[in-house]
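S.K.: pasting the sequence and the predicted coordinates here, then a few questions.
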Amino acid sequence: MNDTTTVSRCDATTCRFNSDMKCTAGQIEVSMSAHQAQCLTFSPAEGDQGQRPTAQQ
Ligand code: SF4
């Protein structure tokens, strides 16, 4: 056990709270489904706004 953050490791590197695969958000909301945890606090990094893939013909 450690006392750094609620979530010590996170793969969502596109999240603005993700720093070096670690969550820097103080408190997050996570929903558990099956055996996966889905973070409800996920928020895309601001720098990624212009890199949205386009789904056009
Ligand atoms: S807020 Fe959620 S998605 Fe973002 S880094 Fe933390 S645990 Fe990961």
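M.R.: Now that the structure is in, tell me what you want to look at.
S.K.: tell me which stretches of this structure form strands.
M.R.: With DSSP state E, the ranges of strands along the chain come out as 18-19, 22-23, 30-33, 36-39.
S.K.: out of these, which comes closest to Arg9?
M.R.: strand 22-23 (6.2 Å; Cβ to Cβ). Quick note: C-beta positions are derived from backbone N, CA and C, even for glycine.
S.K.: quick check: mean pLDDT of the closest one?
M.R.: The average pLDDT for strand 22-23 rounds to 90.
S.K.: what residues does the chain have near the ligand?
M.R.: Val7, Cys10, Ala12, Cys15, Phe17, Asn18, Cys23, Ala25, Ile28, Cys39, Thr41, Phe42 (Cβ under 6 Å from any ligand atom).
S.K.: which of the strands of the chain sits most buried?
M.R.: strand 22-23 (a mean of 18; mean count of other Cβ atoms under 10 Å).
S.K.: thinking Ser31 is in contact with Ala37, fair?
M.R.: Yes - with contact defined as Cβ atoms under 8 Å, Ser31 reaches Ala37; the gap is 7.4 Å.
S.K.: burial of Ile28, as a residue count?
M.R.: 17 (other Cβ atoms under 10 Å).
S.K.: just to check, it is in contact with Thr41?
M.R.: Yes - with contact defined as Cβ under 8 Å, Ile28 reaches Thr41; the gap is 3.9 Å.
S.K.: give the residues shared as contacts by the two.
M.R.: Phe17 (Cβ atoms under 8 Å, 6 or more residues apart in numbering).
S.K.: count the residues that sit near Thr14.
M.R.: Count around Thr14 with other Cβ under 10 Å applied: 13.
S.K.: partners of the residue nearest to Val30 when sequence neighbours are not counted in the sheet?
M.R.: Spatial nearest neighbour of Val30, excluding adjacent residues (Cβ to Cβ, 6 or more residues apart in numbering): Ala37 at 5.0 Å. Judged by DSSP bridges, the bridge partners of Ala37 are Met32.
S.K.: this completes my enquiry, with thanks.
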